[in-house]
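1. next one to model:
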Amino acid sequence: MSTLCMVKTFSYLDMSTFHLICILVTIVLYSCSWYYCMSLTNDRFIMKHDITSHTDLDDQDHIINYCNTHQNVRGQEGMVKPGYTLKEVHIVLTPGFTDVSSKVKIQGQNYPVMSCSDRNESATWFTKFKTTSHTYNIANHNLHFKQFHPTFPDDCFYNHLTLHGLQQMISIGQHLHATYLSNYAHKKLTGHYSSTHVRSIPSQPSYQSLLAFLHGFQNDKQLHKTKIHESRGDFCEHNEVGLNTCNCARVRELSPFAFKSSLKGSYMFKDAFPHKEEIYNLLNLDNTTTASGVELLQLLTQYKCNDQSRSLCMSHKHCHQIDDQKLSVLHKTLAKSVISLYSDGNFREHSELRMYPFLEQLMMHVTRHDSSQTINVYMGDKHFMQYLLTTLNIFKNQVMPMASRLIFEVYRKNRGQLNEDDLYIRVLYNGEDITETMFLCSNYIENGLCRISRFQSFITVLREQYMKNC
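-> Here you go, the predicted structure:
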């Protein structure tokens with residue numbers, strides 16, 4: 001029927017013009033199929049899980065972003081919105097760089113071990129952090145976390161943050177301190193320990209990264225009073241969201257495959273990872289190498305990202321693989337795999353089911369009028385962040401940088417008595433304001449802020465999906 005109508009419509013055109021128009025229409029329709037379509041019908045979201053990535057960057061810029069060095073920490077957080085007050089902030093973090101040289105082998109050989117200590121203690125920041133972390137450890141806030149406390153060995157062992165990793169997290173803390181706590185326009189926020197709620201999963205990279213972040217974010221007096229609460233990997237507190245348990249059978253079924261895919265960049269239900277032959281040819285590797293492309297990228301960039309450590313690798317026969325051009329090609333190739341993984345229906349289902357309790361808790365906290373906790377910090381791992389980005393349909397054509405941050409700023413409109421209609425959210429990923437580019441917030445933007453009702457409707461759909469499958 002539609003084809004017949006088109007023929008009648010264009011019958012007065014010559015055939016070449018008609019063919020050209022048909023081609024253009026086909027291209028437009030094909031392009032639209034790549035969008036993540038989200039509409040509201042009978043107050044319910046109809047979601048089609050197709051993928052569109054956000055603004056692309058030059059290949060070399062992606063490597064700089066992946067390194068996320070302390071010198072480059074900056075962002076658009078804490079922007080003053082006339083007519084609105086910044087009510088509270090929720091900060092989701094991933095760990096900084098660790099040394100993976102003992103775990104990732106290339107053609108049967110290990111790369112040089114990095115140092116996790118400033119041997120001469122010539123760097124003021126290192127000496128101060130070492131002292132602060134020791135004092136915090138004595139305070140015995142959480143005995144379980146003691147096993148993860150930084151020991152600053154000369155030769156890094158697996159999962160201990162490198163100096164570069166520590167500097168990343170300290171710099172992010174300092175940046176957000178200047179953004180939120182030193183800005184008089186945001187006087188509703190306070191760095192006082194009683195108004196800051198901090199949670200971490202029980203892992204060494206996460207705990208050490210959080211400790212370094214707090215060192216930059218708070219002054220010593222507040223830091224020593226701040227308790228780091230232990231949380232499970234998805235920050236699910238089932239009592240808060242009216243669930244009998246956080247254990248979901250469908251999540252347990254998919255978790256091993258989703259975790260492996262997130263860790264190695266592999267297919268969901270295969271041991272192989274995309275573009276293996278292309279990557280191995282790029283780096284002149286043979287089949288004795290078992291590392292995935294994502295593992296190779298982290299290994300090679302741990303030297304590339306830290307100029308002081310790059311010299312460690314110069315005597316190693318495989319160090320030609322740190323060539324800037326090869327790293328850029330490697331990253332570009334892996335970025336394709338990331339988009340492919342996010343578009344996998346099983347990965348998306350796992351992400352949405354796993355993230356529902358966290359997003360429900362977040363929304364309950366946001367809409368709670370009497371909350372005294374204005375700053376909330378969640379230190380997870382890169383898997384948690386990937387699941388969260390997938391659920392919210394936040395995609396970048398890149399491998400997620402080390403020490404990434406996703407921030408939810410909650411604003412209140414300055415008028416009369418507070419109600420939920422006066423609440424708005426601003427979302428920032430690694431310092432970039434992505435609120436207006438989120439499909440979730442389409443047509444619900446006011447002065448660069450997203451209406452809270454949009455998030456509430458989305459989470460209602462997630463809850464129905466969770467209750468159905470869990």
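
2. please parse this structure into its domains.
-> 2-47, 59-252+344-469 (automatic domain parsing).

3. what's across from Asn424 in the sheet?
-> You called it Asn, but residue 424 is Tyr. Tyr411, Arg451 (DSSP bridges).

4. just the pLDDT for it.
-> On pLDDT, Tyr424 comes in at 94.

5. report the contact partners of it.
-> Counting by C-beta atoms under 8 Å, 6 or more residues apart in numbering, Tyr424 makes contact with 84, 410-413, 446, 449-452. No exception for glycine: its C-beta is placed from N, CA and C like everyone else's.

6. now render the domains of the chain as JSON lines, adding distance to Thr288.
-> Formatted as JSON lines, the domains of the chain follow (distance: least, C-beta to C-beta, whole Å):
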{"stretch": "domain 2-47", "distance to Thr288": "39"}
{"stretch": "domain 59-252+344-469", "distance to Thr288": "5"}
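
7. could you identify which of these is most buried?
-> Among the domains of the chain, domain 59-252+344-469 has the highest mean neighbour count (mean count of other C-beta atoms under 10 Å), at a mean of 18.

8. how about the strands in this protein?
-> Here the chain has its strands, by DSSP state E, at 38-41, 44-47, 84-93, 196-200, 228-230, 375-379, 405-413, 423-429, 432-433, 445-446, 449-451.

9. do you know which of those lies nearest Arg368?
-> Closest approach to Arg368 among these is made by strand 84-93 (9.6 Å; C-beta to C-beta).

10. what's the angle from the closest one to strand 196-200?
-> Strand 84-93 runs at 20 degrees relative to strand 196-200, counting by axes from the mean of the first three to the mean of the last three C-alpha atoms, to 10 degrees.

11. which secondary structure elements does strand 84-93 contact?
-> Applying 3 or more C-beta pairs under 8 Å, 6 or more residues apart in numbering; DSSP states H and E, we find strand 84-93 packed against helix 163-176, helix 204-217, helix 345-366, strand 375-379, helix 382-391, strand 405-413.

12. let's go with 10 Å and repeat that
-> helix 163-176, strand 196-200, helix 204-217, helix 345-366, strand 375-379, helix 382-391, strand 405-413, strand 423-429 (3 or more C-beta pairs under 10 Å, 6 or more residues apart in numbering; DSSP states H and E).

13. out of the contacts of Tyr424, who's nearest Asn281?
-> For those, the nearest to Asn281 is Cys450 (44.3 Å; C-beta to C-beta).

14. wait, doesn't Tyr66 sit right on Lys382?
-> No. Distance between Tyr66 and Lys382: 11.9 Å, which falls outside the contact criterion (C-beta atoms under 10 Å).

15. return every residue with contacts to both of those two.
-> 298, 399-402, 404 (C-beta atoms under 10 Å, 6 or more residues apart in numbering).

16. quick one: closest of the strands of the chain to Lys276.
-> Lys276 sits nearest to strand 423-429 of all the strands of the chain, at 28.8 Å, using C-beta to C-beta.

17. now that closest one, how far from the chain's geometric center?
-> When C-alpha coordinates are averaged (C-alpha atoms, centre = their mean, to the nearest Å), strand 423-429 and its chain have centres 15 Å apart.

18. hey, C-alpha coordinates of that strand in CSV?
-> Only the C-alpha atoms of strand 423-429 are listed here, as CSV (Å, rounded to 0.1, in the frame of the first residue of the first chain):
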residue,chain,number,x,y,z
LEU,A,423,13.1,18.8,41.2
TYR,A,424,15.4,18.3,38.3
ILE,A,425,18.5,16.2,37.5
ARG,A,426,21.7,17.1,35.6
VAL,A,427,23.9,14.2,34.5
LEU,A,428,27.6,14.4,33.8
TYR,A,429,30.0,11.7,32.6
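
19. report the angle between that strand and helix 345-366.
-> Orientation of strand 423-429 against helix 345-366 (the same axes, to 10 degrees) gives an angle of 130 degrees.

20. picking that back up, mean pLDDT lowest for which of the domains of the chain?
-> The lowest average pLDDT among those, as it happens, falls on domain 2-47, at a mean of 39.

21. ok, the closest residue to Thr151 other than its chain neighbours - contacts?
-> Closest residue in space to Thr151, ignoring its immediate chain neighbours: His160 at 7.3 Å, by C-beta to C-beta, 6 or more residues apart in numbering. By C-beta under 10 Å, 6+ apart, the contact set of His160 is 98-99, 114, 116-117, 148, 150-153, 166, 204-205, 208.

22. hmm, which two among the residues you listed are most spread apart?
-> Going by C-beta to C-beta, the pair spanning those furthest: Met114 and Phe148, at 18.7 Å.

23. shouldn't Leu211 be in contact with Phe145?
-> Yes. Look at Leu211 against Phe145 with C-beta under 10 Å: they come within range, at 8.8 Å.

24. for the residue most central in space within the chain, what are its contacts?
-> In the chain, the C-alpha nearest the mean C-alpha coordinate belongs to Met385, at 4.0 Å (C-alpha atoms, centre = their mean). Residues in contact with Met385 (C-beta under 10 Å, 6+ apart) are 92-94, 262, 378, 394, 400, 404-406, 429.

25. try 7 Å
-> Counting by C-beta atoms under 7 Å, 6 or more residues apart in numbering, Met385 touches 92, 94, 400, 404, 406.

26. distance check, it against Gly173.
-> 17 Å (C-beta to C-beta, to the nearest Å).
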